[in-house]
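1. Make a model of this:
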Amino acid sequence: MKTNIVTLKERYNNILSFLTENQKRIYVGNEASLLGFGGISEVSRLTGVSRRVISEGIKELKKPDEFTFDRIRKQGGGRKSAIEKDKTLIEDLERLIEPDTRGDPESPLRWTCKSLRNLAEALKTMNHKTSHKMVGKLLHDLKYSIGYFRILAKIGGASLW
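-> Numbers count the residues shown, from 1 in each chain. Next comes the predicted model:
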């Protein structure tokens, strides 16, 4: 039994970097079921994988027809977007940039004079969890051209406003 456990830890560490989440779950589930009683606890202790994940792997092994190879995570898995978590984020961002928006409202090219970092700080004071990178992505999604303002600033055109 000791030889099995030592080689299990070595096997797991050797292939870990090649496995997706699904494959890791099924691998540790298989090893735990082969060990029998106490296998889940032993595999969890050796690999650091939670007992719940190992149990899920065992369940998936028993129903191979339900396993899909086209997804790494189950539908709906992963981190939720900032907009899904914070429903007022977009409204508050639009309220912040509205006074300083430039460009024709009918045109696809609009830009703002406020910096991403200043907008992010203003949103943080409104109790939003965000960063300047997130503000840039949101502005891009709202069809604002951030790069256009940067170009104008470099050539001195920004001083016209």
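2. Okay, the residue nearest to Ser33 when sequence neighbours are not counted and Asn14: tell me how far apart.
-> Once flanking residues are discounted, Ser33 sits nearest to Ile58: 5.3 Å by CB to CB, 6 or more residues apart in numbering. C-betas here are computed from N, CA, C, even on glycine. Using CB to CB, to the nearest Å, Ile58 is found at 22 Å from Asn14.
3. who has more neighbours, those two?
-> Neighbours per residue (other CB atoms under 10 Å) separate Ile58 from Asn14, with Ile58 holding more: 18 against 9.
4. How about the secondary structure of that one?
-> helix (DSSP: H, G, I helix; E, B strand; the rest coil).
5. following the helix or strand hosting Thr7, which helix or strand comes up?
-> Per DSSP states H and E: Thr7 is located in helix 2-15. Per DSSP H and E, the first helix or strand lying C-terminal to helix 2-15 is helix 21-35.
6. what about dumping the CA coordinates of that following helix to CSV?
-> The C-alpha coordinates for helix 21-35 follow below in CSV (Å, rounded to 0.1, in the frame of the first residue of the first chain):
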residue,chain,number,x,y,z
GLU,A,21,-10.0,20.8,-14.5
ASN,A,22,-12.1,18.0,-15.9
GLN,A,23,-9.2,15.7,-16.4
LYS,A,24,-7.8,16.4,-13.0
ARG,A,25,-11.1,15.7,-11.3
ILE,A,26,-11.6,12.4,-13.1
TYR,A,27,-8.0,11.3,-12.5
VAL,A,28,-8.1,11.9,-8.8
GLY,A,29,-11.6,10.4,-8.6
ASN,A,30,-10.3,7.3,-10.4
GLU,A,31,-7.3,7.0,-8.0
ALA,A,32,-9.6,7.4,-4.9
SER,A,33,-12.0,4.8,-6.1
LEU,A,34,-9.2,2.3,-6.8
LEU,A,35,-7.9,2.8,-3.3
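7. can you pull the buried residues of that helix?
-> 22, 24-33, 35 (16 or more other CB atoms under 10 Å).
8. now, among those residues, which is nearest to Leu89?
-> Asn22 (32.3 Å; CB to CB).
9. Please tell me how far the closest one sits from Asn30.
-> 12 Å.
10. Would you mind splitting the chain into its domains for me?
-> 2-66, 82-160 (automatic domain parsing).
11. any idea which of those domains scores lowest on pLDDT?
-> Here the domains of the chain differ in mean pLDDT, and the lowest is domain 82-160 at a mean of 71.
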